[in-house]
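> the following block contains a protein sequence and its predicted model.
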Amino acid sequence: MNHGANRVRRRAVSAPAPKGVLTGDREPIFSFLSEEVRTNMLRRDSESAVLWNAFYPFAHQGISLGDWERLRPLWGSAPEAYEDDQLIPYFWGLHADGSPLEDLADTASSIAGRDDRLEIDLLLLGTRHLVAVEAKVGGEAGRCGRYASGRCPEVHGGGGTCRYWDDGPAAFDRVLDFGLRPEPDQEARPPCATHYQLARTLLAVQHLARKKGLTPHFALLIPRRRWPALEAGWLDFAERVRDEAQWRRLRVLAWEDLMALKQR
């Protein structure tokens, strides 16, 4: 989903929260969420509602980095021996009190070209670490819409170039080995189109972490039953990460294990 990173009041404080929200329905954030997010939260089993309901218990006190790292991943290397940190959730770029995550709009503009078009479901902000979480319930990470619709400037033409292949902060090649730049009329779908959302999220969390002097982490959060269907795609993405230290900070986690963490 595309979610804004700026604080824009969209409705009155008295407006009811979406029906899928179980707790925290009077938090100020609900006055600022986009209509897309609110609509998706009408059902308790929707992606946005599940995300909010799972992480809201940590909204003010935060999650211990140590507890987060000790969650047994579906995929990931052994956790590093980090000094503990308290990670505060930012939902779609906003704290539960409605305040935006500082520097996120600038990061979105640098990576996506606009400060309201960056797809990060959840960011966990600490004093030393920053975790980006891509949360899925029934779907998979998004692919490039322009390529899918036959509008990729590199492959399908039409003028201009793709910002993710040009020099600059948005260049996928900075952090991922996607091979050679796509060529006009090539038949095979390029890796940048397949891993589009994951690549942008990784670029964004690294960019934002650098601005804040933090260590970037990236986690894919999925139902355990979905892992067999998503494993091959994730492995292909992870193997393309250039920096070994960053590769070690990639993880795939199951919603079911997060629920166990909440009950401790």
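The structure has been received and is ready for your questions. Bear in mind the structure is a predicted one, so any value in this text is a computation, not a measurement.
> what's around Gly213, how many residues?
Gly213 has 9 neighbours, counted by other CB atoms under 10 Å. Yep, even glycine has a C-beta here, placed from its N, CA and C like the rest.
> just checking, Trp227 is part of a helix?
Yes. Using DSSP: H, G, I helix; E, B strand; the rest coil, the assignment for Trp227 is a helix.
> Thr161 contacts Cys152, doesn't it?
No. In this structure, Thr161 is not within contact of Cys152 by CB atoms under 8 Å, at 10.3 Å.
> which stretches of the stretch 51-200 of the chain form strands?
With strands called from DSSP state E, counting those that start in this stretch, the stretch 51-200 of the chain shows them at 63-64, 75-76, 86-91, 122-125, 129-135.
> closest one to Asp45 among those strands?
Between Asp45 and these, the shortest gap by CB to CB is with strand 129-135, which sits at 13.1 Å.
> report the angle between that closest one and strand 86-91.
Relative orientation of strand 129-135 and strand 86-91, computed by axes from the mean of the first three to the mean of the last three CA atoms, to 10 degrees: 40 degrees.
> and strand 129-135, what other elements does it pack with?
Strand 129-135 sits against helix 47-55, strand 122-125, helix 196-212, strand 215-222, with contacts defined as 3 or more CB pairs under 8 Å, 6 or more residues apart in numbering; DSSP states H and E.
> mind putting those into JSON lines with mean neighbour count, distance to Pro182 and mean pLDDT?
Formatted as JSON lines, these follow (neighbours: other CB atoms under 10 Å; distance: least, CB to CB, whole Å; pLDDT from 0 to 100):
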{"stretch": "helix 47-55", "mean neighbour count": "22", "distance to Pro182": "30", "mean pLDDT": "95"}
{"stretch": "strand 122-125", "mean neighbour count": "22", "distance to Pro182": "30", "mean pLDDT": "98"}
{"stretch": "helix 196-212", "mean neighbour count": "22", "distance to Pro182": "12", "mean pLDDT": "96"}
{"stretch": "strand 215-222", "mean neighbour count": "23", "distance to Pro182": "24", "mean pLDDT": "98"}
